[in-house]
Each structure stands twice: as structure tokens, then as C-alpha cells.
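[1] Pasting the sequence and the predicted model now:
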Amino acid sequence: MTAVMSRETWQKLKTRYSIYMVVIVMIIVCNALNPNFLSTRNISNIAAQISVTTILAFGETLLVICGLLDLSCGSVLALAGVLSVYIFKETGSMAVAFGAGLFFGVVCNYVNGILVRYFSIPAFIATLAMMTMARGGALLFTRGQNIYQIGDYVWFGQGQIGFIPVPVVFMVIIGIVTWYILGHTRFGRSLYAVGGNEEAARASGINIGRIKIQAYLINGAFVGLAGILLMSRTNVGAPNAGQGYEFEALTAAIIGGTSFSGGLGTAGGTLAGAFIVGFLNNIMNLLGVDSYLQQVIKGAIIALAVGYDMWAKVNRTKKSLGAVELSSKPKEAKS
Amino acid sequence: MTQDTVLEVKHISKSFPGVKALDDVSFSVRRGSVHVLCGENGAGKSTLMKIINGLYQPDHGETLIRGERVKIDSPIKAGELGISMIFQELNYTPEMSIEESLFAGRWPTRSLGRIDWSAIRSKTLQLLQQENLPFDPETKLKALSISNLQMLEILKAISRDADIIIMDEPTSSISNKEIETLFHKIADLRARGKAIVYISHKMDEIFRIADEISILRDGRVVETRARADFDIDSVIALMVGRALGHGYPKEEVAHGEPVLEVERFSGPTGFRDVSFRVREGEIVGFAGLVGAGRTETARALFGLDPGAHGTIKVRGRTSKIGSVQDSVACGMVMLSEDRRRFGIVPVRDVKENVTLASLAQFFRNGHLHNAMERKKVTDICERINVRMPTIDSPVGTLSGGNQQKVVLSKWMLCNPDILILDEPTRGIDVGAKFEIYKLMTSFVKERKSILMISSELPELIGMCDRIYVMAGGRITGELARAEFSQETIMRYAMNMPKAG
């Protein structure tokens, strides 16, 4: 019996922490391939590079867990970013510009939430519409021109606190916020329940509509922050910035074990997923891999990661006492 | 082994992490006979059937079909060997037509891979006529009742020339009349030489259709005999491993003030002018046929369906109940009839499922109190006797009876005064049923109240203090305990209070 128990515990450890094992293995392999890999400078570079998409990925994690998603984050990031830069140039106040960035991110996502909650538009469609609107808004506001000479604003993206880049500090803070929300708040528990079985969550007294709107509001603040960091990092208020970032963010979340059918996912997993992508980009650059080939490899890695995850899940279900298949949750829970 | 044995499994064992699901099981079924397999939930019936159907591989043991050793490594292989399984919960494609579905996956084709619709149509018509079923081949599956979908599955099995048909609790969600039709069909199949494995724990059915009965308990076959060698008491005793008797654990409890008074309650989901009351310490039953409006009334009362109107008084105070939150705040909770849909979040663990409806008590200043949560969940699961590997196991991996107990634990943690139970024992085994009855009894002894909807008359008669009978969305009768009888209830349920 004890042997059986320990095998079970091992099984659980393996499935719960396998993603972190992947990260460690990657570090070892990458370091063997190129000894510069583990230098403080390189690691801190990677962290700074992935900070923007990782912050977006934390937002996506909250949403995907609850059965939603945000395709608009790349565009909303640009809109919130250029507005924030513009306001900085008008007022000269870092604090006001920072607040404005978050505010516009939240407003756009409030609209996402309203479309999903009150008009029952599927999240995919609602945020697709917002993606187009926000990009248009950013281009309209700047007349398609970049905003240059952003002065002190560059601190957000290029400054350092001690030896740590400011965006990395923000990434860590948002990571902790996400971890706290998911593991330690009522709201987090409700997110998992709504994503895992919406009808059962409703019948347990959870206000589903409110949870969904709240999830978008928090995501909005994350997106606004990501916009500020990206504009600042690149030294320019660019209305075209952030294209395709929604998919980079979703990639990190999915590689990190967030389930697209809802109800599963963690902040730590997403962070690990983001680092896996970051390490991969970095080592391929260090090794001088052709940049077109890099894309092919990245795509293949996504397919492999998710493929392995699904395969492991099916095996787990078969091995457990499984009277009910995991896929048997009601279709209505998806939106 | 005789000439007639079509399917035989020998010494099958199967383990899952932490559980031995099957332990040296041997089992066989003959041509032209019905072999009933019964046992509590978690006894291993589903595992055995999944092995026969190729979904699982046994750790040890062998399977023989018509005397030949075979390895069934997929449901497709099982199909080729003439095994057809009809699941308890049918999965179907609502937009498919009958003819499409009948030949799904093996549509006859013409050149360039085009589907030969005229061949499908003529084969379908021929089959329908041969089996005497009045279906239109173009009807979409979404328009069919569950019992008709079952018939379609049987038809599919026949069209595939299956000679081993496995049915997993086929009567759990169909009406009495439909059960008759099903049993006729089964008799017909038996006469045509098919071998049928029938899984059930409904005693009356088992004794009506079985030729042989095997009883599984804790992964072992404890007894296989011809039907004539069993009686109801011996089957129950063997299933639970102890004598249960026919008794219900009902105890007399003094009734106090009314806690729930509902006046002229009507709603858009199909109930009108429903008035009733429930007193302290009372178990009030709601009887009626399927579609009488009982579940609809309860759902509206609990705040799940909007748009109902009427007066609701809880402990004498008029309450406005418009949402589940309001109801829980008033101390009223509801166990839904469909636990998969409204009860559990399958991918999340037992702990999270149990605390879902009463999260507020585990948070201090918005911060989760982990140790307290684990302790309370462990305590309640022990009290309700939920059997599970740990409280961190996903609820989707537990058996049906244990899932139901998880949902019950969730509501008990809210510390309710009024418990609405909608078909609380549907699809769960005798032992778990008895545990739920005992919980009901101890619940009302704490001067609390239960409103129970059930389609099983013996259970209503055994457990309730009063029964309201509904028909066509209205209450047609109210019976005190002294007036209880199956005949009276059925007459009210069919809205014919006087005999004849």
C-alpha cells in the first residue's frame, strides 16, 4: 500500500511540477551549448525582453482559466501606451501618465467585459472587435505618427532598481498579484469554478457576470501597464506597437499549462511558459539560428508542449478511477 | 465453458493508482440470454465494461470471444468482434439525422468518396421496418427523447450485426412506459440469440429480465447464479456486504413552526399557483410524473430561473428570492437533479468543490485561510462519508455516488436550515442511498427542514412526513403520512384523485 501511495505522490509531483523541470533542463542544456547563457547580464536581458508579453500572459491566464480570452491586448496596449506617452508630454508627470496608461487599458477591457456579459458575445469575437477598434483608435489619435522624444518616461522601460531592470520588477509584481489572486482570494476560486463548470458555479451562488467583468478589468490594468513598459522600452509612442502580442501571451500561458477548456492554470506555470519561450529565442539567437527557422521551431515547440500535456492528461484520466472523462463538462461552460 | 458462451473473461485484474478496481474477475454470457451485473457504484462494473469495450487494458487475465482468445485494444476492435455498448449517458450529435447517425463512420460511398445517400436511405428504411420502429430517417437526433436515442443505439448495434450488447443502466432516465418498450426489445433480442449484459441496480428490473445475475463488490465477483436462486434481499445483502432490509432510517421528529411558506407561486418555466409550507423538523416530499413542474418550482424558488412571482416567507418574514445568493443567505440550499451539469466542477479538486458555495467563511480580510479550509473539508467529508484518494483529487475522477456526496458536503458547509433535494439518490447505489437517508434523518433532528423531490415512490413514502403531488404544473394533492400509498400518489399525479 505504501508503495502505491508513494507512486501516486510521485505521479502528482511529476504532473504538477513537470513544467519547472523543463525550465531547469533548458537552463542546463542552453548553458552547455553556450557558456554565456547563464551570465547575469544575459539572464537579466532575457527577463527584460519577456517582461511585456509575460505581463500580458498573466492577464490571459486569468481570463483563460475562467473560460474567456483577450485577443485585443496587443492593440489595447498600443492605444493605452500612446495615450500615456501623449499625456506625459502634455503634463510632464510620470504619475499621471502611469495612471492614464492603466486607466485606458481598464476602460477598453471594461467594454470587452460588457460585450461578453450583457450582449453574450463570445469572448473571441468581442475581443477581436476590440482589437480592431483599439488599433484604429491608436492610429487615429496619433494620425499614424510615432511620438518621439519621450524624456524621463523611458525610466519605466529602461531604468533599473539596483541591478534589476524596472520592467522585470513590474513583471515580478504582476506575477505575485496573479499568484495571490488565483490561490488566495475568493475571486480566484470563482474564476476556476466558472471556467470549470459555469452552470455549477452559478448554482453555487457565484455571480458569473460580475466575475467575468472583474477578470477583464484586472486584465485591463495589466495591459495598460504592458503598454507603458513597451513604449518606454522602445523610446517611442508607437501606434503600431504590440502586433501579435496577444498570441505570444497566449502561447506562454498555454505552454505553462493553462487549459483552453477552462478551470486549470497557475501563475507559476505561465511564468515558466514565458521563460521557456524566452530561453528558446535567446539560445537560438546566441547560436545564430536563422530567424525564419526560429519561427518554425517555435511553432513546433508549442505543438509539442500542448500535445504532450494533452497526452499526459488523457493517460492520467485513464489511470485514475475515471468514471467521468474530463472532457465531459457541459458545452455551455465555454464562451 | 459451453458451446453457447459468446463472451468470457477470465481472472481479470486491473489496478489504478491507490485502488484495485478489479481483482480476479471471471464472468461469461451465453447466446440468447441476459446476464445482469449489479453492484454498488465503485464496485468495478464500469471498469469491467470498459475493459470489454477496449477502453482499458487489464493488468492480468484474458478475454475470449466465441471461445477464441482476443486482445481488445480499442472500441473499434470491440465493434469488429461484435461487441456493442450502450452507455448510460448517451453521447450524440444533435444536428445529425437518424440515417446519418445509424451509419456514422461507415457511410457507404460511391466514386470520388461521395456518400451514397440513397443506399443509406434504403438500408435505414429496411432496418426501421424490420425492427418495427416508426421513425422518419430524416429526423434530427436533437428531436428524439432519451429512450428513442437508446432505441437508435440498439438499432445501430443490430445493423452492425453485434451479438454481444452491453447496456449500462439504460433505464436511469426514461419513463415507465418507455422502460416497457425497452424490455420488449430486450426480450426480442434475446429470442434472436443475442447475448446481453445488463448493468443495473434497480431490483424490480433485475428480477424481470435477468437469466443470470452476477454481483460485484469491491472489485470481485461475489456471486453468480441463475435468477431463480436469488431474491431481492439476498441480492441487496450481497451488494452491500450486509443485510439492509427494506426499512428506511426514518425517525419521529417533533414538528415546529413553519420555516418556509410559499403562496401562489407561478413561473414561466411551467408551474402555476403553487402553495405549500414546510415546518421545522419536517421532510416534505414532492411527487409527480416527469414534467409535472416539480424541478421547475424548486429551481425558481432557489433563484436559478428568473421571472417567477408569488409570496415566499422564510420563518414568517417575506423574502425576495431572486438569486442563489439570496437563497443561501436565507439558509436555503438546493441539491440539483443533474450533478454533472449543476453540481460539480469536474477538473477542480474535492476541497475547492466543497467550499465553493461558502467561500466567505474561509477568508479573513480577503485572504484565504488554508489550514481552516482543509480541516473543515476533511471533517465534512468524513461526516458525509465521501470516499476519495485525498481532498486534492479532481472530483471528475470520483464515482457518481461520491460526486453526489461532494455536492451534498458543499451544501452542508453552508449550514442551511432548509435543504431542497431534487432526486438525491438518482443513479447512486443502495449503500450510498442508505447513507443519504440517514443524513436526512439526522439533519431534521437538528430542527431543520427538507423538501425532497423524488420519482421513487417507496423512497418518498419511506422518508417523508407529508407529500405534495404535482401534475401539469399545479399541486393536485397533499397527503399526510397516514394517507401515503403508491396508488393514491399515482392517482393524484395523473390528476385523477378518485378511483376510476
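    Yep, that arrived. Numbering: from 1, shown residues only, chains lettered A, B, ... in the order given.

[2] and the closest residue to B:L133 other than its chain neighbours, how far is that from B:A104?
    Nearest residue to B:L133, sequence neighbours excluded (Cβ to Cβ, 6 or more residues apart in numbering or on different chains): B:M151, at 6.2 Å. Where you see a C-beta, it was placed from the backbone N, CA and C, and this is true even at glycine. B:M151 is 16 Å from B:A104, where distance means Cβ to Cβ, to the nearest Å.

[3] Would you confirm that the residue nearest to B:L133 contacts B:K185?
    Yes - contact criterion Cβ atoms under 8 Å: B:M151 and B:K185 qualify, at 7.0 Å.

[4] Helix, strand, or coil at whichever residue of the stretch 51-200 of chain B sits closest to chain A?
    Closest approach of the stretch 51-200 of chain B to chain A (Cβ to the nearest Cβ) occurs at B:Y56, with a separation of 6.7 Å. Judged by DSSP: H, G, I helix; E, B strand; the rest coil, the three-state class of B:Y56 is coil.

[5] Can you get me a residue count around the residue nearest to it when sequence neighbours are not counted?
    In space, and not counting its chain neighbours, B:Y56 is closest to B:K50: 4.6 Å by Cβ to Cβ, 6+ apart. Neighbourhood size, B:K50 [other Cβ atoms under 10 Å in any protein chain shown]: 20.

[6] Doesn't B:K50 belong to a helix?
    Yes - counting by three-state DSSP, B:K50 is located in a helix.

[7] State the pLDDT value of it.
    Reported pLDDT at B:K50 in the predicted model: 89.

[8] Same check on A:T15?
    Note on A:T15: pLDDT of 66.

[9] For the nearest residue to B:S323 once chain neighbours are set aside, give me its contacts.
    In space, and not counting its chain neighbours, B:S323 is closest to B:G303: 4.4 Å by Cβ to Cβ, 6+ apart. If you count contacts by Cβ atoms under 8 Å, 6 or more residues apart in numbering or on different chains, B:G303 has them with B:I321, B:G322, B:S323, B:V324, B:Q325, B:D326, B:S327.

[10] And what about the second one, helix, strand or coil?
    For B:G322, the assignment made with three-state DSSP gives coil.

[11] list the contacts for it?
    Per Cβ under 8 Å, 6+ apart, neighbours of B:G322: B:G303, B:P306.

[12] cool, and the last one?
    Applying Cβ under 8 Å, 6+ apart, we find B:S327 in contact with A:G205, B:L301, B:F302, B:G303, B:I321, B:V333, B:M334.

[13] now, which of the residues you listed sits nearest A:L83?
    Relative to A:L83, the closest of the contacts of B:S327 is A:G205; by Cβ to Cβ it sits at 38.9 Å.

[14] Tell me the spacing between that closest one and chain B.
    For A:G205, the distance to chain B equals 4 Å [Cβ to the nearest Cβ, to the nearest Å].

[15] Let's see the pLDDT reported for that residue.
    At A:G205, pLDDT is 90.

[16] What is the neighbour count of it?
    23.

[17] correct me, but it touches B:A357?
    Yes - using Cβ under 8 Å, A:G205 is in contact with B:A357, at 5.4 Å.

[18] Mind listing the shared neighbours of those two?
    By Cβ under 8 Å, 6+ apart, the residues touching both A:G205 and B:A357 are B:V328.
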